[in-house]
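>>> quick one, structure for this:
(3 chains)
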Amino acid sequence: MTVDEIARLVGGKLEGDGSLAIRGIASLESAGPEDLSYAEEPRALARARQSRAGGLFVPRGISVPGRTTIAVEWPKAALARVAEILYREAKPASGIHPTAVVDASAEVARDASIGPFVVIEEGARVGSQTCLVASVFVGAHVQIGSQCYFHPRVTVYRGARIGNRVTLHAGVVIGSDGFGYVTVSRQHVKFPQIGGVVVEDDVEIGSNSTVDRGSLGETRIGAGTKVDNLVQIAHNVHIGRNCLIAAQTGIAGSVEIGDEVVMAGQVGIGDHAQVEPGAVIGGQAGVLPGKIVRKGLTVWGTPARPLSECKKIYAHLSALARGGRPADHKS
Amino acid sequence: MTVDEIARLVGGKLEGDGSLAIRGIASLESAGPEDLSYAEEPRALARARQSRAGGLFVPRGISVPGRTTIAVEWPKAALARVAEILYREAKPASGIHPTAVVDASAEVARDASIGPFVVIEEGARVGSQTCLVASVFVGAHVQIGSQCYFHPRVTVYRGARIGNRVTLHAGVVIGSDGFGYVTVSRQHVKFPQIGGVVVEDDVEIGSNSTVDRGSLGETRIGAGTKVDNLVQIAHNVHIGRNCLIAAQTGIAGSVEIGDEVVMAGQVGIGDHAQVEPGAVIGGQAGVLPGKIVRKGLTVWGTPARPLSECKKIYAHLSALARGGRPADHKS
Amino acid sequence: MTVDEIARLVGGKLEGDGSLAIRGIASLESAGPEDLSYAEEPRALARARQSRAGGLFVPRGISVPGRTTIAVEWPKAALARVAEILYREAKPASGIHPTAVVDASAEVARDASIGPFVVIEEGARVGSQTCLVASVFVGAHVQIGSQCYFHPRVTVYRGARIGNRVTLHAGVVIGSDGFGYVTVSRQHVKFPQIGGVVVEDDVEIGSNSTVDRGSLGETRIGAGTKVDNLVQIAHNVHIGRNCLIAAQTGIAGSVEIGDEVVMAGQVGIGDHAQVEPGAVIGGQAGVLPGKIVRKGLTVWGTPARPLSECKKIYAHLSALARGGRPADHKS
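Prediction:
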């Protein structure tokens, strides 16, 4: 694509030489004349003059002397959109690799791509244009929608339901048993872990993350939610739409999470807690079992508190640590 | 099974129509007339009247008007027991899948079930009725007892010993090298990680958890202990019997853990610490290296303290956060 | 090897019977007459008299009555060096297992060992004497150096570059997509995750750890750095040489870590933070996004502070918890 074609694609305003051919995306520093880049914040814009990029997305009303720019409302988003086209994964060959073991009763779309050493058990369904790269395990009666992409070694336990355009990274486990036992005479007897697990459309889950099935009910991850690596999602958890959950966060059993919630890394949510829509939970914070994080609130710390309260506590402790009297006693 | 048969099985007292056939287990809300459910706490009992369940386990002395109930001492445990029967996994077919790679010197019980893409190396032993679902790796000289169930992609390094009735979920790693180095002239030289690892009878370990082998000694997980997903158990750790260890907990090298210890999620135990029998460690707590958590004590926070002390600290900090003077200064 | 040969190998001073043949390494307690052990600290030296070990490394100037000893400057390091020789893994047979799926365009060294169910995609390179044990996935155009050892189920995404003598334990993922999205009209659109990932020489990474590729730039782990199990390393992170990173630590995007940094378990480093060379970060500590941990400093807590400050805070809180007035108010 030329810079000019890209400008028209995203509805941006071109300044400079639109005839250059663009073959890739790169950072300001590493870009060459065949690369597209972007500059959005003042500091990046200052560095943009030195960039060798063949084209730059910039905010509306901005130009960079000597550089070819495309002015758009959201430069970073425009770059993401162009990247989707430039880096569209070569569609893997349709068909079932001869080493895959696919049960005769499974339904695999003709244009799905089933790689080496994949196992698909009885009654499972794999949708159109879905790709299971290699060594993926699909348990009995699992349903997988269309245009999904499962990286190597994904394991989906029996009966799980996966929507469309779901990306699961290497080593993800969907539908393993929840951690539920009844203690009888000091022995832990397994409580039934026979519920369902649903991963809705457009979800992406990072490497080696684990999602347990429901105990009697259902575990559900809402459409458009993105989950990072090494995250634990326990039985009967319900996660809303368009949430962002960063690495190593753990969500205990029966937690309810609303839409558009953001969790930083290593957060812990105790069982039966509720996180209302739009709440933001800071890194390493711990929400106690049964607690409610209110709509739109930002919380931090363990036990999690509103950020403003945390700041007071940390200011107090900092004063102590430096040998002075706590700030709040100064008066 | 009919409700009546179930009542007799668990020694419970039937009230209502015992002739109904039960085919499944479900929550109060989702149960239909062919499902069994349970209600134990007052709030659940209040909701039980609305349940469409064909039968309900309830505590002794309780009845629910209009509902068929079975009164037992421990309703939840009774349900677990019935679930074991109703949901007994269809026994997988015995035998070795033609794609599995099994060394000629390995001993695999005739009624074991070895799935596709399993690798069993020289001298390994797999016991009676044990099932290795798919893509499981069993290193040289590993010993696995009878009636074990290893989900896809379990990896057991050479020489590990696994007892009977052990369940390992997808992606579990047993016997990888511990994290031990000697630093010589600023280079980290690997200290030998050549010890053993023993997983005793009736242990269950959750998805993608990791258990390292001993350095020179042995790592051991005691009988009946249950471990959740993404837990790390380091070299030379000894864990007692019937412990419960929740998700994302990490136990550093040479830690000693007694019987019936309970750890919530994301707990960290520093190296050489001791946790005595029956202790309870709250979520995200951190026990410092070399410290001892006394028998039966409940601790929380980092560094971990008795729960009663934590509560005082948090009350103090809460008062600060809300702008008042700390509670303990009021006098 | 005899004790005498071992003494000469490490340049140590023998006392006792050098003719004994040594076949293994063991702890003081479990060693028998054919085992070598070591005692370095006073308490270990006190126990050394009871050891049945055929030979003991001890510090210079020390002897143990009735025991055969080799006095060296660094006993533990000497033991590590001998262990390397005694426990050198039997070199796996060269060649490609008949079940492996290797693209015709991949270059695999003739003396590499490619185990069962390994997948090697187009244009990938595997160096001399490298061993891929089983079910390892090597994506397109990946480069792997010589004398590497990848345990079962390692997954390396397309284009990653791995140096020489790199050990990756079971379930490690290298080069998965970073967690980067642009939010447009409340939808999370994937920001391009198309950068590189480089693992330099002599790195070891523990089971089920994950390393994401760069977004536009590169993720890099420096030579000689050792990483424990279940660690998360995000996109664009740069880690220096000879670092030690313990289990379940998470390093967020674009963090810069200098040489010889040590991180204990469950540490969290916020995005764009910097950790300067030689810094030490205590267990469960949290370094906030964008913060700098200065050269050689030891920090702890969340937010991370110099250890001396932490100690003051904890002393204060301890006094509170025990019902007294905080120490710093006593004056």
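
>>> how close does the most centrally placed residue in chain A get to chain C?
Nearest residue to the geometric centre of chain A (CA atoms, centre = their mean): A:Lys226, 2.3 Å. For A:Lys226, the distance to chain C equals 5 Å [CB to the nearest CB, to the nearest Å]. (Each C-beta comes from the backbone N, C-alpha and C, glycine too.)

>>> what is that residue paired to in the beta sheet?
A:Glu204, A:Leu244 (DSSP bridges).

>>> I'd guessed it sits against A:Ala247; true?
No: contact criterion CB atoms under 8 Å: A:Lys226 and A:Ala247 do not qualify, at 11.5 Å.

>>> quickly list what's touching both of these two.
C:Phe179 (CB atoms under 8 Å, 6 or more residues apart in numbering or on different chains).

>>> what about the closest residue to A:Lys291 other than its chain neighbours, distance to A:Ala285?
Leaving aside its sequence neighbours, A:Lys291 sits nearest to A:Ala273 (CB to CB, 6 or more residues apart in numbering or on different chains; 5.0 Å). From A:Ala273 across to A:Ala285, the span is 11 Å (CB to CB, to the nearest Å).

>>> comparing the two, which residue is more hemmed in?
A:Ala285 (28 against 22; other CB atoms under 10 Å in any protein chain shown).

>>> residue contacts, the more buried one?
A:264, A:267-268, A:299-302, A:304.

>>> interface residues of the stretch 1-150 of chain A facing chain C?
A:25-27, A:30, A:37, A:74, A:76-77, A:79-81, A:83-84, A:87, A:97, A:99, A:115-117, A:133-135 (CB under 8 Å from any CB of the partner chain).

>>> switch to 7 Å and redo it
A:25-27, A:30, A:74, A:76-77, A:80, A:83, A:87, A:99, A:116-117, A:134-135 (CB under 7 Å from any CB of the partner chain).

>>> now tell me which of those residues the prediction trusts least.
Lowest pLDDT among the residues of the stretch 1-150 of chain A next to chain C: A:Tyr87, with 85.

>>> what about that one, how many neighbours?
13.

>>> ok, it to A:His151 distance?
From A:Tyr87 to A:His151 the distance is 16 Å (CB to CB).

>>> now A:Gly301
As judged by CB to CB, A:Gly301 and A:His151 stand 35 Å apart.

>>> those two: which has the busier surroundings?
A:His151 (25 against 20).

>>> which residue packs closest to that one, ignoring adjacent ones?
Using CB to CB, 6+ apart, the nearest residue to A:His151 is A:Ala170, at 4.4 Å.

>>> dump the residue contacts of A:Val72.
A:Val72 makes contact with A:10, A:12, A:57, A:60, A:78, according to CB atoms under 7 Å, 6 or more residues apart in numbering or on different chains.

>>> burial check on the closest residue to the fourth one other than its chain neighbours, number of neighbours?
Ranked by CB to CB, 6+ apart and with sequence neighbours excluded, the top spatial neighbour of A:Arg60 is A:Ala71, at 5.0 Å. By other CB under 10 Å, the residues close to A:Ala71 number 20.

>>> A:Ala71 belongs to a helix, doesn't it?
No: with DSSP: H, G, I helix; E, B strand; the rest coil as the criterion, A:Ala71 is strand rather than part of a helix.

>>> next one: it from chain B, what distance?
From A:Ala71 to chain B the distance is 45 Å (CB to the nearest CB).

>>> these two touch, right, that residue and A:Ile62?
Yes: A:Ala71 is in contact with A:Ile62 according to CB atoms under 7 Å; the separation is 6.1 Å.

>>> neighbour-wise, give me the winner out of the residues of the stretch 1-150 of chain A next to chain C.
A:Ser135 (31 neighbours).

>>> any idea how far it lies from C:Gly171?
12 Å.

>>> next: A:Arg158.
Distance from A:Arg158 to C:Gly171, by CB to CB: 22 Å.

>>> between these two, who's got more neighbours?
Between A:Arg158 and C:Gly171, counted using other CB under 10 Å, the more crowded position is C:Gly171 (31 against 16).

>>> part of a helix, is that one?
No: C:Gly171 is assigned coil when assessed by three-state DSSP, not a helix.

>>> now it. Nearest residue, chain neighbours left out?
Of all residues not flanking C:Gly171 in the chain, C:Asn208 sits nearest, at 4.0 Å (CB to CB, 6+ apart).

>>> so where does A:Arg43 fall, helix or strand?
Assessed by DSSP states H and E, A:Arg43 sits inside helix A:42-48.

>>> repeat for A:Val198
Going by DSSP H and E, A:Val198 is part of strand A:196-199.

>>> and that strand, how far out from the chain middle?
Relative to the chain's own centre, strand A:196-199 is displaced by 17 Å; criterion: CA atoms, centre = their mean, to the nearest Å.

>>> report all helices and strands that it contacts.
strand A:161-162, strand A:173-176, strand A:218-221 (3 or more CB pairs under 7 Å, 6 or more residues apart in numbering or on different chains; DSSP states H and E).

>>> tell me which of the ones you listed sits most buried.
Stretch with highest mean neighbour count among the helices and strands packed on strand A:196-199: strand A:173-176 (a mean of 29; mean count of other CB atoms under 10 Å in any protein chain shown).

>>> what pairs with that strand, parallel or antiparallel?
If you go by DSSP bridges, strand A:173-176 pairs up with strand A:155-156 (parallel), strand A:210-212 (parallel).

>>> residues touching the shortest one, excluding its own?
Strand A:155-156 is contacted from outside by A:137-139, A:142, A:162, A:173-175, B:152-153, B:170-171, using CB under 7 Å, 6+ apart.

>>> and what of the longest one?
Contacts of strand A:210-212 with the rest of the structure, by CB under 7 Å, 6+ apart, involve A:173-178, A:197, A:219, A:221, A:232-235, B:207-208, B:229-230.

>>> show me how far the helix of greatest length in chain A is from its chain's centre.
Determined from DSSP state H, the single longest helix within chain A is helix A:307-321. How far helix A:307-321 lies from its chain's middle: 32 Å, per CA atoms, centre = their mean.

>>> list the buried ones in that helix?
Within helix A:307-321, the residues that count as buried by 16 or more other CB atoms under 10 Å in any protein chain shown are A:309-310, A:312-314, A:316-321.

>>> make TSV from those and add pLDDT and distance to C:Gly16 to it.
TSV is the format used below for these (pLDDT from 0 to 100; distance: CB to CB, whole Å):
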residue	pLDDT	distance to C:Gly16
A:Glu309	95	66
A:Cys310	94	62
A:Lys312	93	66
A:Ile313	94	61
A:Tyr314	92	59
A:His316	91	61
A:Leu317	92	56
A:Ser318	92	58
A:Ala319	91	60
A:Leu320	88	56
A:Ala321	87	53
